[in-house]
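Trainee: Can you look at this prediction? I've put the sequence above it.
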Amino acid sequence: MARLKDDAQWIILLGFIISVSIFFLALIINESVLVGQTTAESVLELPKSDIHDLRNEVFRSAQISAEQAKFNGATSGDWYRDLVDISMSRKNAVINISVPSPINHWPYPQAYDTIYIHFNNGVTNYNEIFYY
Amino acid sequence: MVDDYGQLYTIEGIAAAVIMLVTAYIMLNTTTLYTPADTHVIDMQLQQLGNDALSMMDTTDRVIPSSQGANQSYVSYLSPLEESVRYSDTRNFNNTLKIYANSLYGNPNPVIDSRPLQWNSTIYYRTTGDSVGSYPFANSERNLTGREHYVTVTRWVHLNETPSNNTPGLSDPNVIIPIGPNGMRNEDQVVLLEVLLWRD
């Protein structure tokens, strides 16, 4: 060993360092694809807009029913069954809604009424009790 | 004879190794991961854009009248989206969605379409026989060939009456609303507007 020329040891060491750093960079690039995919997919999977829209529609429909009952005594159609059936058919979501009968609002509204909203599409479960 | 001339160098070497290891550890753990844009990020953004646009169209832009008539209430005012579905006014729907989602800054006929979005929409309803029926609603210039990479956005629409397509000046004669044994119920109901959005 003593007679051996060891000037090339630095080159070998640098080679090791460079290859290790390239390996780590490759690892990071590989991860970045996965991160984008999983993040976007989890955002797409969360039915945020579905729940927002469902709440909005339930409250508006309950209001319309109450107003109709108040002004001409008419009972509205069973619109909540539309929500249940079409959600099952088009969104693969099981929902259940319990709305007070609009006749309670006529002629004088009660102090408050209770609306129950249940939403479950197999991934996300959302339950709400709303007093209005 | 063993001497200890190298001790200081050994300690220095160990210290340097520790410093390098700590540096490498910190550097690798503080790396920001840049996400390439060819994953589902575009779909996510497009879906959000579509939902926002439909939500804006479903906001009524009229104020509550101060003196309400006998049968007049503020909920009787329809939002532009509800109005479009109620009267099959696809022209108004298309123009509004074009302005909102296509980001044309209020000009529906620009020279250069900056973000050309296309859409195709369908309305789903519960029939008299408790099944779910549908009829095609508004679509953009391009037809749906089935090869587009589209996202689906939906919006519930409350209808006070059965929609009609015989209102002069508003209705689209191409929208054929199924009335009949398998058709729509003639009462207060909720229908689902489903819009397929894709980039051209």
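Mentor: Thanks, I have the structure now.

Trainee: Please list all residues in contact with the residue sitting nearest the centre point of chain B.
Mentor: Nearest residue to the geometric centre of chain B (Cα atoms, centre = their mean): B:G50, 1.9 Å. Applying Cβ atoms under 8 Å, 6 or more residues apart in numbering or on different chains, we find B:G50 in contact with B:101, B:119, B:151, B:153, B:195, B:197. The way it works is simple: take the backbone N, C-alpha and C, and place the C-beta from them, glycine included.

Trainee: Pull the number of nearby residues for the first one.
Mentor: What it means is B:A101. Counted with other Cβ atoms under 10 Å in any protein chain shown, the neighbours of B:A101 add up to 23.

Trainee: wait, isn't it in contact with B:Q48?
Mentor: No. Applying Cβ atoms under 8 Å, one finds B:A101 not in contact with B:Q48, separated by 10.6 Å.

Trainee: just for chain B, where's the confidence low?
Mentor: Flagging of chain B using pLDDT under 70 yields the residue ranges B:1, B:31, B:33-39, B:61-76, B:103-115, B:180-182.

Trainee: Give the next helix or strand downstream of the helix or strand hosting the residue nearest to the centre of chain B.
Mentor: For B:G50, the host element (DSSP states H and E) is helix B:41-57. Counting by DSSP H and E, the element after helix B:41-57 in chain order, helix or strand, is helix B:80-86.

Trainee: Keeping just the C-alphas, turn that following helix into PDB.
Mentor: The C-alpha coordinates for helix B:80-86 follow below in PDB (Å, rounded to 0.1, in the frame of the first residue of the first chain):
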ATOM      1  CA  PRO B  80     -80.700  33.500 -13.200                       C
ATOM      2  CA  LEU B  81     -80.000  29.800 -13.200                       C
ATOM      3  CA  GLU B  82     -83.400  28.800 -12.000                       C
ATOM      4  CA  GLU B  83     -84.900  31.200 -14.600                       C
ATOM      5  CA  SER B  84     -82.800  29.500 -17.400                       C
ATOM      6  CA  VAL B  85     -84.000  26.100 -16.400                       C
ATOM      7  CA  ARG B  86     -87.600  27.200 -15.900                       C
END
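
Trainee: CA atoms only: put the helix holding B:G50 into CSV for me.
Mentor: The C-alpha coordinates for helix B:41-57 follow below in CSV (Å, rounded to 0.1, in the frame of the first residue of the first chain):
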residue,chain,number,x,y,z
VAL,B,41,-54.4,19.6,-10.5
ILE,B,42,-55.9,20.9,-13.6
ASP,B,43,-59.1,18.8,-13.1
MET,B,44,-59.3,20.1,-9.5
GLN,B,45,-59.0,23.7,-10.7
LEU,B,46,-61.5,23.2,-13.5
GLN,B,47,-64.0,21.6,-11.1
GLN,B,48,-63.7,24.4,-8.6
LEU,B,49,-64.1,27.0,-11.4
GLY,B,50,-67.2,25.3,-12.7
ASN,B,51,-68.8,25.0,-9.2
ASP,B,52,-68.0,28.6,-8.5
ALA,B,53,-69.6,29.8,-11.7
LEU,B,54,-72.8,27.8,-11.2
SER,B,55,-72.9,29.1,-7.6
MET,B,56,-72.7,32.6,-8.9
MET,B,57,-75.4,32.0,-11.4
